[in-house]
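Novice: I need the structure of the sequence given here:
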Amino acid sequence: MSGLHSIPTLDSQPTPAEHRTRRLRRAGWSVLAGYAARAASIAASLASVPLLLSYFGAERYGLWLMLVSVTAALSVIDLGLGHGLQNRVAEARGRDEQHAAGELVSTAVAAMAAWSGVVAVVGVAVSRLAPVGQWLRVTSPQIENEFVGALIVVALTFVFVLPLKVIGAAQSGFQESFFGDLWGIGGSVMIVAAILIVLAVKGDMAVLALAAFLLAQPSSLLGIRHFFKRHPYAQLSWRKVRVRCLPSLFSLGWQFFLLQLAALTVWQTDSIIIATQKGGDAVVPYGVAFRLMGLPLSLLLSIPNALWPAYTEARARGDWEWMRSMYRRTTVVTMLIASLIAVCLFVWGQEFILVWAGPNARGSQWLMGGLCLYLVLGQWSNCNGVILNAISRPREQAFSALFEAALNVALSLYLIRIWGIAGVAWGTALASLLVSCWFLAWSVWRMTERRVAPPWREVVLLSAIPVAGSLLVGMGLIRLLPGEWPGLLRVGVGVTAMAASYGVSAYLFAPEEWRDVFRRFGGLAVNGY
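Specialist: As a prediction, the model looks like this:
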């Protein structure tokens, strides 16, 4: 931890080269800490799925997944203020304006504290008055009461959660999100503890929602205390609240709000569509497969996301060369990894789900194919979207995302009638392919005035051809490996062989400059071993 505290603060006046080094080092810490936090989250997810599925049963667990979707939905009602604050704080850091950064933080938190009270009142009223049981085709009044109680708990907790989220955004603006991720590991551990406690006392969904919230907060509060201790000038104070800061924050905030709203529609309405069209128990195969796909995707998204505040600071200093170099490298590398993970999940994902969560959670190969395609497309779009967000141009991404969200809902509602729940996955993937994939890449090239160009050629060479080769290897192995082998052993052998095939193909078809990169990192790995 002492290494983390040695990161230079704004009190020093580093050279441009030192700015680049510090920027990259903080981004690296953010990625590593994000991986540690997500590893804890993955472990919590792996443990919670079989526990909750066996305890709640298919219908209750499907509704619990719905509750998770509702919780994610409520997170966008910060009106984009968090992302707006992150950009403005990073810009203030780029100009070395500490006092302005402190005023922005206090003003944003005060505004969100007032807004969160309104959200809580409206959330409780909707939970009590809306006919959620009819909407979700709940089979018994008891289950409906449990779900409504859990919704009320979630609505009330946002009085506390929304202001904390804004403080976390400020921490990201300082390029210190890694501290929040490290403290978040404790939150993941406590969520598992909450599940075990609720199972022991035989609590319902409302009890689980309350226990998970209460046990996760001490870690968050300790992280916030640590952040303000490192940056005293950013500490909250009513004297720092400035009404004149609000237009600056909300000029970006409303654009980020539209973007969050569209992302919510793409990511969270799938389970709602399935529940309303097929019933709550039909959400389980889709929800489990989506969670399995979402775990590696969240790890990959953390790489470009960690560079967001770094890009913003670099732009404030006019360092376009650094931005172009880091964008190109992270896009190619993460797309290479995303394609490998996608093809492995397509071949072996359902077999892993059978071992992990049981036959009731297993879907179809067609379902997994749609989700895997979306994994690759989502990574490409995110790499381009982060650049647009960092240069304070989220408007293009927001409007394209809204159009994609509408297309996603329409395609999902149509295809679910033809292909079942797999149609929802393919509706999401096709909407991304038809809208965001090409439009965001073109917007990056246009909004940066051709200073940053998407690496189309490298991505195609390092992804498409190796995918075809490793797919053939995987499909052959799934038929050749003995059926009496344990499921995890079959998956492990198959994924290892596919990864080796993918790596060889990527090396053979890569441009010479990327072969040098592979050889250099390969040599470092061998020497380290």
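Novice: Closest to the centroid, which residue in this structure?
Specialist: residue 298 (4.6 Å; C-alpha atoms, centre = their mean).
Novice: Contacts only, for it.
Specialist: Residues in contact with residue 298 (C-beta atoms under 8 Å, 6 or more residues apart in numbering) are 38, 41. Using the backbone N, CA and C atoms, a C-beta is placed for each residue, glycine as well.
Novice: Quick check: closest non-adjacent residue to residue 326.
Specialist: Of all residues not flanking residue 326 in the chain, residue 307 sits nearest, at 5.9 Å (C-beta to C-beta, 6 or more residues apart in numbering).
Novice: burial of that neighbour, as a residue count?
Specialist: Using other C-beta atoms under 10 Å, residue 307 is surrounded by 27 other residues.
Novice: where does it land on pLDDT?
Specialist: The predicted structure scores residue 307 at 87 on the pLDDT scale.
Novice: From residue 254, how far out is it?
Specialist: Here residue 307 is placed at a distance of 24 Å from residue 254 (C-beta to C-beta, to the nearest Å).
Novice: Now do the helices in the stretch 151-300 of the chain.
Specialist: Ranges of helices in the stretch 151-300 of the chain, per DSSP state H, counting those that start in this stretch, are 177-201, 205-230, 245-278, 283-306.
Novice: Quick one, grab the pLDDT at the residue nearest to the centre of the chain.
Specialist: Listed pLDDT for residue 298 reads 77.
Novice: same check, this time on residue 231
Specialist: On the pLDDT scale, residue 231 gets 87.
Novice: can you check residue 523 too?
Specialist: With respect to pLDDT, residue 523 scores 55.
Novice: got it, and the one 5 residues further on?
Specialist: pLDDT, residue 528: 42.
Novice: can you check residue 370 too?
Specialist: pLDDT, residue 370: 94.
Novice: and the residue nearest to residue 326, backbone torsions?
Specialist: When quoted as degrees, to the nearest 10, the phi and psi of residue 307 stand at phi -90, psi -10.
Novice: how many neighbours does the nearest residue to residue 184 once chain neighbours are set aside have?
Specialist: Of all residues not flanking residue 184 in the chain, residue 37 sits nearest, at 4.6 Å (C-beta to C-beta, 6+ apart). Residue 37 has 23 neighbouring residues, counting by other C-beta under 10 Å.
Novice: Residue 145 too?
Specialist: Neighbour tally, residue 145, other C-beta under 10 Å: 15.
Novice: now it: how far from residue 200?
Specialist: On the measure of C-beta to C-beta, residue 145 and residue 200 end up 22 Å apart.
Novice: do residue 112 as well
Specialist: Applying C-beta to C-beta, the value for residue 112 to residue 200 is 36 Å.
Novice: Which one's more surrounded, these two?
Specialist: Shown here are residue 112 and residue 200; by other C-beta under 10 Å, residue 112 has more neighbours (22 against 8).
Novice: Might you list the low-confidence residue ranges for this protein?
Specialist: 1-14, 69-70, 72-75, 264-268, 517-529 (pLDDT under 70).
Novice: Show me how it divides into domains.
Specialist: The record's domain parsing of the chain by automatic domain parsing lists 16-454, 455-519.
Novice: highest average neighbour count across those domains?
Specialist: Greatest average neighbour count among these goes to domain 16-454 (a mean of 20), per mean count of other C-beta atoms under 10 Å.
Novice: Regarding it, how distant is the last residue from the first?
Specialist: Chord length of domain 16-454, first to last residue, is 25 Å (C-alpha to C-alpha, to the nearest Å).
Novice: Pull the distance from it to the chain's centre.
Specialist: How far domain 16-454 lies from its chain's middle: 4 Å, per C-alpha atoms, centre = their mean, to the nearest Å.
Novice: what do you get for stretch 470-486?
Specialist: The answer for stretch 470-486 is 31 Å, by C-alpha atoms, centre = their mean.
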